[in-house]
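Student: pasting the sequence and the predicted model now:
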Amino acid sequence: VQLQASGGGLVQPGESLTLSCVASGFTSDYYGIAWFRQPPGEVREWVSCISSSDGSTYYADSVKGRFTISRDNAKNTVYLRMNSLKFEDTAVYYCALGWGACGGRYDNWGKGTLVTVSS
C-alpha cells in the first residue's frame, strides 16, 4: 500500500487549503482513509475519516464544520478541504489507511504534508 499526501502550504488565518491523498497498491474495497495531524511539539491527533463502503465521514470536534473530507474513487484520491483555517491548525498532516471501518487500526501511512497558518 502506498499513500501520497500533498497540498500543504503557507496560508493566512481564515483562508482555505485542500489536501490530497492518493492511495495505491491494494485491491480491497473495504477500508477507511483518515487524516491525522501533528502540530509542532505535540502528539499526533486524528482529524477525519471516510469509509470506502458507503462514504460515511467522521470528524474531530476541533475541525467539524470547517473541514470536509471527500473521495474520488476513479482517481483513488481522498481530499481534505480545510476552510476558515486557524493558527492552531498548523501541523504536519498525514493520511493513513486502515482495513475495515473507520476507527480501527491504521497500519499504512503516507509521508506528511506541512500546513502552516500564519499571518
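Tutor: All right, it came through fine.

Student: please enumerate the strands of the chain.
Tutor: Assigned by DSSP state E, the strands in the chain fall at 2-6, 9-11, 17-24, 31-38, 45-51, 57-59, 67-72, 77-82, 91-99, 108-109, 113-117.

Student: turn these into TSV, columns for mean neighbour count and mean pLDDT.
Tutor: C-beta here means a position set from N, CA and C on the backbone, and glycine is covered the same way. Formatted as TSV, these follow (neighbours: other CB atoms under 10 Å; pLDDT from 0 to 100):
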stretch	mean neighbour count	mean pLDDT
strand 2-6	16	96
strand 9-11	14	98
strand 17-24	19	96
strand 31-38	22	96
strand 45-51	20	97
strand 57-59	16	97
strand 67-72	17	96
strand 77-82	22	97
strand 91-99	22	96
strand 108-109	16	94
strand 113-117	18	98
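
Student: residues touching the residue minimising distance to the centre of the chain, list them.
Tutor: Closest to where the C-alpha atoms of the chain average out (CA atoms, centre = their mean) is Trp35, at 2.6 Å. Counting by CB atoms under 8 Å, 6 or more residues apart in numbering, Trp35 touches 19, 21, 46-49, 69, 78, 80, 93-96.

Student: the same query, at a cut-off of 7 Å, please.
Tutor: Counting by CB atoms under 7 Å, 6 or more residues apart in numbering, Trp35 makes contact with Val47, Ser48, Ile69, Leu80, Tyr93, Cys95.
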